[in-house]
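Trainee: Structure here, sequence nowhere to be found:
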């Protein structure tokens with residue numbers, strides 16, 4: 001019995017398990033929370049699966065041990081994840097306990113899909129200029145920091161490849177763009193730590209773009225964001241520089257990022273958006289005094305304060321921020337800071 005139907009030309013992840021409640025639960029989890037760019041099919045009968053699917057239509061077969069037989073591999077289904085229902089050790093095919101959490105099974109499915117995609121992908125090797133880190137941070141809230149950061153990234157991306165990372169508690173990007181992201185930067189941190197050889201492929205798999213600017217989907221939980229150490233962020237940024245050709249990386253920072261001052265210290269350009277009201281100026285003064293008192297005066301010296309004017313109209317969407325009043329101001333800052341390389 002098939003509980004889904006779709007285009008015969010689209011490769012999908014096929015689940016095969018006669019235990020219907022289990023199969024339906026796993027299928028629903030993969031569809032709603034798996035962030036996988038494939039259709040998910042469920043078959044509760046192996047013969048039905050074989051009559052409907054071919055290796056050409058199946059990206060990965062996830063099958064219960066009770067439904068598995070070696071004739072599946074002889075039929076050409078080489079990408080198989082077996083859900084082990086017993087304690088019997090099996091070297092092949094790839095397998096894990098059926099009674100692991102859905103989250104754990106989903107992570108394994110994502111890993112197998114990624115590894116098969118990477119087989120034909122050469123590892124990227126940087127051959128251009130070093131990647132410049134650009135830090136944007138202000139203690140003043142609701143100061144257009146994210147809009148400013150994305151606008152700057154889109155302007156720079158017209159000249160050279162640029163990447164944007166958001167460190168807010170609630171970025172809202174998925175909803176603003178009406179998209180379902182394929183994972184988050186937390187996946188990259190995992191691969192960078194545990195399976196670095198897969199990092200390049202994972203980057204290609206999950207990178208999104210808005211107005212010509214690439215970005216990595218931010219973490220969904222600020223609790224998770226707070227748990228990442230500064231050295232983990234810096235190690236990831238070094239890896240991104242090594243395996244990509246991005247010439248600019250914009251860090252839209254917040255206090256939630258551990259070691260925010262250490263991250264700012266690594267940046268070639270630092271921008272702090274200010275306002276003239278008393279509360280905002282008080283926050284800026286306190287922030288700058290903290291930099292001086294904690295031996296981060298180099299950040300203070302490197303920072304450009306940006307007081308944005310009151311705009312008559314702001315773009316209604318972040319899909320393209322390179323036109324209008326805001327874009328004119330940001331482009332002026334980019335030119336004044338000589339952020340473009342000669343010849344760009």
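Mentor: Cool, got the structure. From a predicted model like this one, the values you see are computed outputs, not experimental measurements. Residues are numbered from 1 along each chain as shown.
Trainee: Identify the residues contacting residue 311.
Mentor: Taking CB atoms under 8 Å, 6 or more residues apart in numbering, we find residue 311 in contact with 325-326. (Glycine included, C-beta is placed from N, CA and C.)
Trainee: for it, helix, strand, or coil?
Mentor: Following DSSP: H, G, I helix; E, B strand; the rest coil, we place residue 311 in the coil state.
Trainee: ok so residue 83 is a strand residue?
Mentor: Yes. Assessed by three-state DSSP, residue 83 belongs to a strand.
Trainee: Report the beta-bridge partner residues of it.
Mentor: Per DSSP bridges, the residues bridged to residue 83 are residue 64, residue 96.
Trainee: Roughly how far does it sit from residue 150?
Mentor: Counting by CB to CB, to the nearest Å, the gap from residue 83 to residue 150 is 42 Å.
Trainee: Where does the prediction get shaky in the protein?
Mentor: 1-10, 35, 89, 116-127, 342-344 (pLDDT under 70).
Trainee: okay, now the domains of it?
Mentor: 12-118, 132-336 (automatic domain parsing).
Trainee: how would you label residue 264: helix, strand or coil?
Mentor: helix.
Trainee: how near is it to residue 147?
Mentor: For residue 264 relative to residue 147 (CB to CB), the value is 20 Å.
Trainee: Could you give the number of residues near residue 305?
Mentor: 12 (other CB atoms under 10 Å).
Trainee: check contacts around it.
Mentor: Taking CB under 8 Å, 6+ apart, we find residue 305 in contact with 272, 274, 284.
Trainee: Hmm, the last one is touching residue 274, no?
Mentor: Read it as residue 284. Yes. At 5.4 Å, residue 284 and residue 274 qualify as touching, with contact defined as CB atoms under 8 Å.
Trainee: Common neighbours of these two, please.
Mentor: Contact criterion CB under 8 Å, 6+ apart; residues shared by residue 284 and residue 274: 138, 140, 305.
Trainee: Out of these, name the ones that lie in helices.
Mentor: In helices, defined here by DSSP state H, there are no members of the shared contacts of residue 284 and residue 274.
Trainee: out of these, who's nearest residue 258?
Mentor: Nearest to residue 258 among those: residue 138, at 18.4 Å, using CB to CB.
Trainee: Counting neighbours, what do you get for the closest one?
Mentor: Residue 138 has 23 neighbours, counted by other CB under 10 Å.
Trainee: How much space separates it from residue 151?
Mentor: 15 Å.
Trainee: cool, and residue 97?
Mentor: 48 Å.
Trainee: So if I had to pick from the two, which one is more boxed in?
Mentor: Neighbours were counted for residue 97 and for residue 151 using other CB under 10 Å; residue 151 has more, 28 against 14.
Trainee: Go ahead and list the helix or strand containing the more buried one.
Mentor: Using DSSP states H and E, residue 151 sits within helix 145-157.
Trainee: And that helix, what does it pack against?
Mentor: strand 132-136, strand 162-166, strand 213-215, strand 248-252, strand 269-274, helix 325-336 (3 or more CB pairs under 8 Å, 6 or more residues apart in numbering; DSSP states H and E).
Trainee: Compare residue 264 and residue 147 (neighbour count), which wins?
Mentor: Shown here are residue 264 and residue 147; by other CB under 10 Å, residue 264 has more neighbours (24 against 19).
Trainee: how about the more buried one, what does it touch?
Mentor: For residue 264, the contacting residues are 135, 137, 253, 270, 296, 299, by CB under 8 Å, 6+ apart.
Trainee: what about the helices in the stretch 101-250 of the chain?
Mentor: When assigned using DSSP state H, counting those that start in this stretch, the helices of the stretch 101-250 of the chain occupy the ranges 102-118, 145-157, 173-176, 185-194, 199-206, 222-226, 230-243.
Trainee: Grab the nearest non-local neighbour of residue 167.
Mentor: residue 257 (4.4 Å; CB to CB, 6 or more residues apart in numbering).
Trainee: Surely the one you found touches residue 232?
Mentor: No. Look at residue 257 against residue 232 with CB under 8 Å: they stay out of range, at 10.7 Å.
Trainee: quick one: the closest residue to residue 179 other than its chain neighbours and residue 185, what's the gap?
Mentor: Once flanking residues are discounted, residue 179 sits nearest to residue 208: 7.0 Å by CB to CB, 6+ apart. Distance of residue 208 to residue 185, given as CB to CB: 11 Å.
Trainee: Looking at those two, which one has more neighbours?
Mentor: residue 185 (22 against 16).
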